[in-house]
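S.K.: A structural model of the following input is requested.
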Amino acid sequence: MNFHNVLYQKKVQLILYFLLLFSCLINDIKAQNTYKVDSLYKIAAKSDTSAIRARIELFNYYSKSDIELGKSHLDSVNNNALLDKYKDIKSLLYEAYANYYIQKGRFDTASVYANQGLVLAQLVKDKALEAKSWRNIGVIACEQGDIEKGMKCYMKAKLLYKELGNKYGEAGMAVNLGGANAMVRKYKTAEAYIKEGLSYLTTTNEQRTIMRTYSMLADVLSKQKKFDEAISIIKLERDMAIQLKDLYQLTVIDQGLGGIYYNQGKQDSAQFYTSKALRAFKKYNFSQGIAQSSMNLAGSYYESEKYDSALVYIRQGISISREIGSMRQVTQGYHLLSKINEKLNDYKGAYEASQRYNFLNDSLIGSENRKRMDELALTFKTKEKEYENELLMEKDKLNSIKLKQQKYLISLLIAIVLVIITVTIIFFKQRKIKEKHKKLELEQKALRAQMNPHFIFNSLNSIHRMFIQGDIDIANDYIGDFGELLRTILENSGKSAIPLNDEINTIKLYLEIEKMRTEEMIEYNLNIDPTIDVYNCLVPPLIIQPFVENSIWHGILPAERKGKITIDITRKDKSTLKCIITDNGIGIEQSKKQKKTEEHKSKGMKITEDRLNLSNSVKAEELPTGGTKVTILIPLVND
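M.R.: Numbering: from 1, shown residues only. Prediction:
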């Protein structure tokens, strides 16, 4: 007694829960989908093919809530002139009509539309549309009792989806094959097919499809008395339905729970959930659901020995199933009707129902039919395997072609890289040759600058004058110093770097010759920073001399008085020396005025600056006291 009270309380709680859920969720569903529906209505108002597609989408949207409203959208474009031109869209429309009549249980009409859709799909060679048509024809055939034909259609659709690489469609056909096998009570095979489909479907976001598949799987598991697994599947399905606020699917779940409790022998629970589902299906005007729930309720009342109630519901189920053309459900109904009549002592009615059941059952799942279906399944599996092998061979062929293309591409890339490397090497070699040539030209210019024609001419005149005046010893010394200077200049001009000490000696030698030639009109001081290692610091040759020469010829000599030159060499940083040459000559401005009247222009300073290859490496400035100060930055050369 306590158990029944607890059960009654739970039923009341469930009823209150679902009443609250229904009242709260209807408005949420409408609000959530308003934007999508509004968008479809806007597109449907157009006058092109997109309007027809939008109407078909609106049918799909309303098919579970108000299927008649959905059908009105199909009817609004059924006579559209564009359908004659766009046969693929016409095929889509016929597929939608087929779905409508399947849901209404009018399988003969549904068959007409499905077959017309198939013809159009094959005409436009659209394999995706063809697969959908085969699916619809398979559903209709199974409901009309031709399970063998239904399985053939599902197999054709599955192979087409496999060819298209449409895993979703392929998974759907695996589920349908599972349903067909369940109809002929091959539950183990049915379970394998449904789980095959679920293995892919659960990786998608198609939650409503997953829920419908869960319903089928739970029913098949229940028929095999795997009740715990069936209940766990139903719980998953219920959670999804609540999350999606899918009231229709909650009704399907109630029907499924009723079936599970029936198979467990818990008839009170079975009747509670089945009655609830029946009321909802009547509300949705879903004939097939009404028929199936009526039969399920009749079966539960039969097990509870409530035969009069069972008789009412089984007659209702058979009548509706016959109206919609579902011979599968009619067959189930006659089997149960025979048993109910027998319990009510109506032996004539029991015999007639039994005869009808045997006739229909033989055509549905007789031993001969079951054998043909087994052979059909084996043939399909063989063809599917052959097709998979063909796909693998094609894939291997494509991979082989791709591998060859990759090899060609790699070879081409290697060739391009080699060409780039070769061109780069040639470029840098040419650049190096040009730089070497430029350096040689600069050195030759430096040599010519050192060998100033005026200096050579004046030196020879000085020697000649000394001999005439009888200063033979001085003339001999002069010739010796002059020859030594020429030899040093020629030797150093062929080198890229010389010790700083050699450069200093060259400058001293030059200054001594000029001092002798000008009859002691020049004094000089040479100051070297003691921290500089003059023997190991390497500098470019013939760097300082042109500036010293410039100070003498353009600064001191034009002043016509005794002049003084000071040379200071210090270290600027680790890699650079700083040389400052100071004279007390006429200065830069006065020198420029005199140079305008002279033909010779000293290029030594410009050449030296180019050789140093440093920005602002040479700076000349006029001293406030008169004279000129030249600062030279000399980069040290690595040994």
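S.K.: what about the chain, any weak spots by pLDDT?
M.R.: 1-35, 64-65, 362-392, 394, 436-458, 493-494, 594-616, 639 (pLDDT under 70).
S.K.: ok, which stretches of it are strands?
M.R.: With DSSP state E as the criterion, the chain has strands at 498-499, 522-528, 538-539, 563-573, 576-583, 618-622, 628-635.
S.K.: and Asp308, which of those strands is closest to it?
M.R.: Among those, strand 563-573 comes nearest to Asp308, with 116.4 Å by Cβ to Cβ. Where C-beta positions appear, they are placed from N, C-alpha and C, glycine not excepted.
S.K.: With mean neighbour count as added columns, please give the strands of the chain in CSV.
M.R.: Shown next, in CSV, are the strands of the chain (neighbours: other Cβ atoms under 10 Å):
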stretch, mean neighbour count
strand 498-499, 18
strand 522-528, 15
strand 538-539, 20
strand 563-573, 17
strand 576-583, 20
strand 618-622, 14
strand 628-635, 20
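S.K.: so which of the ones you listed comes closest to Leu217?
M.R.: Proximity to Leu217 (Cβ to Cβ) singles out strand 563-573 among these, at 84.5 Å.
S.K.: Which of the strands of the chain sits closest to Asp84?
M.R.: strand 628-635 (88.9 Å).
S.K.: The closest one vs strand 576-583, what angle?
M.R.: Strand 628-635 and strand 576-583 are oriented at 160 degrees to each other (axes from the mean of the first three to the mean of the last three Cα atoms, to 10 degrees).
S.K.: Please work out how many residues are found near Ile414.
M.R.: Other residues within reach of Ile414, judged by other Cβ atoms under 10 Å, total 10.
S.K.: any idea how far the spatially closest residue to Gly349 that is not a sequence neighbour lies from Tyr307?
M.R.: Leaving aside its sequence neighbours, Gly349 sits nearest to Asn341 (Cβ to Cβ, 6 or more residues apart in numbering; 3.9 Å). The gap separating Asn341 from Tyr307 is 9 Å, by Cβ to Cβ, to the nearest Å.
S.K.: Same question for Ala44.
M.R.: Computed with Cβ to Cβ, the distance linking Ala44 and Tyr307 is 53 Å.
S.K.: which residue sits closest to Ile102 in space, ignoring its chain neighbours?
M.R.: Closest residue to Ile102 apart from its sequence neighbours, by Cβ to Cβ, 6+ apart: Ala110 at 4.7 Å.
S.K.: What distance do you get for the residue nearest to Ile320 when sequence neighbours are not counted to Lys87?
M.R.: Leaving aside its sequence neighbours, Ile320 sits nearest to Ala291 (Cβ to Cβ, 6+ apart; 4.0 Å). Ala291 is 35 Å from Lys87, where distance means Cβ to Cβ.
S.K.: For those two, indicate the residue with more neighbours.
M.R.: More crowded of Ala291 and Lys87, by other Cβ under 10 Å: Ala291, with 27 against 16.
S.K.: is it true that that one touches Arg315?
M.R.: No - using Cβ atoms under 8 Å, Ala291 is not in contact with Arg315, being 11.3 Å away.
S.K.: ok, the residue nearest to Ile102 - contacts?
M.R.: 97-102, 136, 140 (Cβ atoms under 8 Å, 6 or more residues apart in numbering).
S.K.: Mind putting those residues into JSON lines with distance to Ile260 and neighbour count?
M.R.: Output for the contacts of Ala110, formatted as JSON lines (distance: Cβ to Cβ, whole Å; neighbours: other Cβ atoms under 10 Å):
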{"residue": "Tyr97", "distance to Ile260": "35", "neighbour count": "23"}
{"residue": "Ala98", "distance to Ile260": "31", "neighbour count": "28"}
{"residue": "Asn99", "distance to Ile260": "28", "neighbour count": "22"}
{"residue": "Tyr100", "distance to Ile260": "30", "neighbour count": "20"}
{"residue": "Tyr101", "distance to Ile260": "30", "neighbour count": "22"}
{"residue": "Ile102", "distance to Ile260": "26", "neighbour count": "21"}
{"residue": "Asn136", "distance to Ile260": "29", "neighbour count": "26"}
{"residue": "Ile140", "distance to Ile260": "28", "neighbour count": "27"}
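S.K.: Serialize those to TSV and add fields for distance to Leu83.
M.R.: Output for the contacts of Ala110, formatted as TSV (distance: Cβ to Cβ, whole Å):
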residue	distance to Leu83
Tyr97	12
Ala98	16
Asn99	18
Tyr100	17
Tyr101	19
Ile102	21
Asn136	18
Ile140	23
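S.K.: Quick one: mark the members of those residues that sit in helices.
M.R.: Members of those lying in helices (criterion: DSSP state H): 97-102, 136, 140.
S.K.: Of those, just say which sits nearest to Gly117.
M.R.: Ala98 (6.3 Å).
S.K.: for that closest one, what are its contacts?
M.R.: Ala98 makes contact with 110-111, 113-114, 117, 133, 136, 140, according to Cβ under 8 Å, 6+ apart.
S.K.: from what I can see Lys282 touches Ile290, true?
M.R.: Yes - using Cβ under 8 Å, Lys282 is in contact with Ile290, at 5.9 Å.
S.K.: So for these two, which sits in the more crowded spot?
M.R.: Between Lys282 and Ile290, counting by other Cβ under 10 Å, Ile290 is the more crowded of the two (23 against 14).
S.K.: That one and Ala280, how far apart?
M.R.: 10 Å.
S.K.: what do you get for Ser199?
M.R.: As defined by Cβ to Cβ, Ser199 lies at a distance of 31 Å from Ala280.
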